[in-house]
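> what follows is a protein structure lacking sequence information:
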């Protein structure tokens, strides 16, 4: 009796371990949606694309972000509620706080990096002006709604 119970336990453990090894921790992400860039001194419609994958273990998107025709950032990492950042070699640049929902494929982020701010607006960043990118959105009202809803989402690890 004890031996058969032990055998069932070992087989169950083996099956459980086998199944976790078969689960792909990555979800392919491809987004190509309208976006609105808005702020204190700026309001513009553009396209936003994300190409990469969502790492379910680390709750992060990793890939490429493109805004319009002239801004393409590679090696971007977005963790909901934390800094949206990208890497050029060993140099890390934080763009601003980002919010991303891998299920609904919605994204909103603040732009506080002076270089990216100037690329988007052609103006120097004064350190206080608000600039937000939200997608999908075709109007400023939709963009603000996306941003607010994403800020209210709990991270997957905050069950």
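Alright, I've got the coordinates. Since we're looking at a predicted model, the values are computed, not measured. Residues are numbered from 1 along each chain as shown.

> so residue 69 sits in a strand?
No - assessed by DSSP: H, G, I helix; E, B strand; the rest coil, residue 69 does not belong to a strand; its assignment is coil.

> least confident secondary structure element in the chain?
Ranked by mean pLDDT, DSSP states H and E, the weakest helix or strand in the chain is helix 2-22, scoring a mean of 56.

> in terms of pLDDT, where does the closest residue in space to residue 145 that isn't next to it in sequence sit?
Sequence neighbours aside, residue 137 is the residue nearest to residue 145 in space, at 7.8 Å (criterion: C-beta to C-beta, 6 or more residues apart in numbering). Just so you know, the C-beta spots here come from the backbone N, C-alpha and C atoms, and that holds for glycine as well. pLDDT for residue 137: 98.

> could you check how far residue 137 is from residue 122?
Distance of residue 137 to residue 122, given as C-beta to C-beta, to the nearest Å: 22 Å.

> which of these two has more neighbours?
Neighbours per residue, other C-beta atoms under 10 Å: of residue 137 and residue 122, the larger number sits with residue 137, 25 against 8.

> who touches the more buried one in this structure?
Contact analysis of residue 137 by C-beta atoms under 8 Å, 6 or more residues apart in numbering lists 34-36, 143, 145-146.

> next one: residue 63
Contacts of residue 63 by C-beta under 8 Å, 6+ apart are 29, 50-53, 76.

> now residue 60
Residue 60 sits in contact with 54, 77-79, where contact means C-beta under 8 Å, 6+ apart.

> taking the contacts of residue 63 one by one, which sit in strands?
Among the contacts of residue 63, the ones falling in strands (DSSP state E) are 29, 50-53, 76.
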